[in-house]
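Chemist: have a look; sequence and predicted model below, questions after that.
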Amino acid sequence: MEKITVSLIKADIGGFPGHSTVHHKLIDTAKEQMQQAMEDGLLVDYHVLNAGDDLQLLMSHRKGVDAEEIHGLAWKTFEAATEVAKELKLHGAGQDLLGDAFSGNIRGMGPGIAELEFVERGSEPLVAYMMDKTEPGAFNYPIYKIFADPFNTAGLVVDPTMHAGYVFEVWDIKDKKKVFFRCPEELYSLLALIGAKSKYIIKRVFPKDTSPVPAEEAVAVISTEKLFFTAGKYVGKDDPVALVRSQSGLPALGEILEPFSMPYLVSGWMRGSHNGPIMPVSFADSQCTRFDGPPRVIAAGFQVSNGRLVGPADLFDDPSYDFARSKALEIADYMRAHGPFEPHRLPLEEMEYTTLPDILKKLEDRFEDTD
Ligand code: F6R
Ligand code: MG
Ligand code: MG
């Protein structure tokens with residue numbers, strides 16, 4: 001069976017206004033490039049979306065993961081949209097395009113990437129999550145809940161095709177290492193790492209060999225790109241994306257949406273320097289306004305049909321997430337009341353990736369020895 005690949009590649013190449021959302025002209029420009037690529041036979045299907053100030057390219061194709069042609073298309077699309085962003089003088093035009101010229105792979109060049117290659121099942125539900133004003137570690141909590149927590153995912157308890165659990169691939173993004181954990185057997189080891197979400201990040205989840213989905217096919221993938229490590233300086237947070245497959249031996253759609261009923265704390269928000277609640281919102285509500293936030297997540301649902309991305313369904317456009325949103329706003333108020341104090345502001349170690357070290361440097365000479 002021919003495999004299909006779904007690639008979600010995103011970049012902030014100019015905000016409107018400030019860092020709040022994406023101007024429609026950038027979306028139109030991206031759509032033109034994608035449409036041409038579909039007509040040329042490179043793409044099977046595509047959707048252009050935005051989460052806050054990030055332009056999101058969701059593409060299906062037969063070229064596999066890390067394909068030069070697909071990454072090149074994304075780069076070319078971001079470049080074309082950057083031209084428009086510059087012409088409109090949008091804020092931070094071209095911000096995430098860190099490399100000068102594309103040279104085969106978009107990884108490490110600024111944009112965030114999540115790609116899944118699989119043999120399409122009889123029914124293939126897929127959710128694309130897109131977050132703004134936070135970092136890749138923000139996916140640790142929900143991905144853990146979806147694939148390892150029986151209080152979240154009833155299928156882990158009652159569905160024989162899920163009962164054996166899943167395998168988690170965790171990356172240490174600071175030391176560039178990876179490790180695999182089989183869960184539930186190694187649940188506590190997994191949690192020992194992924195609780196430290198600025199360093200250890202769930203990259204992929206695989207089924208076990210009792211699953212109807214082949215064990216070598218990832219069923220979830222998260223973007224792990226860190227702009228700071230590429231640019232060597234603060235260029236905003238690395239607003240992450242994820243793709244999650246669902247149903248028939250995988251967590252049900254409702255199980256993969258359930259963790260977002262709790263507006264858990266993530267780091268990012270204003271100047272990439274603050275902890276705050278993640279708020280699940282509809283596409284229309286994904287602009288980041290209050291204190292450049294609060295951090296938001298949208299969920300675009302699809303059925304994949306012979307490579308076509310049938311959708312999107314705007315999954316958080318639903319009153320059943322109203323309480324999560326209200327709670328997020330209440331937590332936002334509470335956190336904001338701390339002003340520049342931790343734990344609203346990130347701990348010093350994390351502030352290394354922001355502009356605070358420049359301020360601290362200025363004060364260096366003022367220090368005298370204590371008694
Ligand atoms: C956070 C973010 C914004 C900016 C802030 C300052 O990820 O993008 O909160 O950090 O608006 O932006 P500049 O320095 O562009 O004025
Ligand atoms: Mg921005
Ligand atoms: Mg952003």
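Modeler: Perfect, I can see it now. Ligands and ions are numbered 1, 2, ... in the order given.
Chemist: which helix runs longest in the protein?
Modeler: helix 68-87 (DSSP state H).
Chemist: average pLDDT for it?
Modeler: For helix 68-87, the mean pLDDT works out to 98.
Chemist: how near is L315 to T210?
Modeler: To T210, L315 is 29 Å away according to Cβ to Cβ, to the nearest Å. C-beta here means a position set from N, CA and C on the backbone, and glycine is covered the same way.
Chemist: that older thread, how far out from the middle of the chain is the longest helix of the chain?
Modeler: 19 Å (Cα atoms, centre = their mean, to the nearest Å).
Chemist: up against ligand 2, what does the stretch 1-150 of the chain have?
Modeler: Proximity of the stretch 1-150 of the chain to ligand 2 (Cβ under 5 Å from the ion) is limited to residues D12, G15, H19, D53.
Chemist: the second one: neighbour count?
Modeler: G15 has 25 neighbours, counted by other Cβ atoms under 10 Å.
Chemist: give me the three-state assignment for the residue nearest to G122 when sequence neighbours are not counted.
Modeler: Sequence neighbours aside, S248 is the residue nearest to G122 in space, at 7.8 Å (criterion: Cβ to Cβ, 6 or more residues apart in numbering). Under DSSP: H, G, I helix; E, B strand; the rest coil, S248 falls in the coil class.
Chemist: quickly find the element holding the residue lying closest to E83 once chain neighbours are set aside.
Modeler: Using Cβ to Cβ, 6+ apart and skipping residues adjacent in sequence, the residue nearest E83 is T29, 7.9 Å away. If you go by DSSP states H and E, T29 is part of helix 24-39.
Chemist: what does M130 give?
Modeler: Element membership for M130, per DSSP H and E: strand 125-132.
Chemist: can you name every helix or strand that that strand contacts?
Modeler: In this structure, strand 125-132 packs against strand 4-11, strand 45-51, strand 54-61, strand 241-245, helix 253-257, strand 296-305, with contacts taken as 3 or more Cβ pairs under 8 Å, 6 or more residues apart in numbering; DSSP states H and E.
Chemist: can you do 7 Å?
Modeler: The contact analysis (3 or more Cβ pairs under 7 Å, 6 or more residues apart in numbering; DSSP states H and E) places strand 125-132 against strand 4-11, strand 45-51, strand 54-61, strand 241-245, strand 296-305.
Chemist: can you list the strands that that strand pairs with?
Modeler: strand 241-245 (antiparallel), strand 296-305 (antiparallel) (DSSP bridges).
Chemist: show me what the first one is in contact with.
Modeler: In other words, strand 241-245. Residues outside strand 241-245 that contact it (Cβ atoms under 7 Å, 6 or more residues apart in numbering) are 6, 8, 10, 56, 112, 114, 116, 126-130, 139, 146, 219-223, 256.
Chemist: neighbours of the nearest residue to R107 once chain neighbours are set aside, how many?
Modeler: Closest residue to R107 apart from its sequence neighbours, by Cβ to Cβ, 6+ apart: I113 at 6.1 Å. Other residues lying near I113 total 24 when counted by other Cβ under 10 Å.
Chemist: what residues are bridge-paired with I113?
Modeler: The residues that I113 bridges to, once DSSP bridges is applied, are I9.
Chemist: that one touches I9, doesn't it?
Modeler: Yes. At 5.2 Å, I113 counts as touching I9 under the criterion of Cβ atoms under 7 Å.
Chemist: picking that back up, so who does the residue nearest to G122 touch?
Modeler: Shown in contact with S248 (Cβ under 7 Å, 6+ apart): R121, S123, P212.
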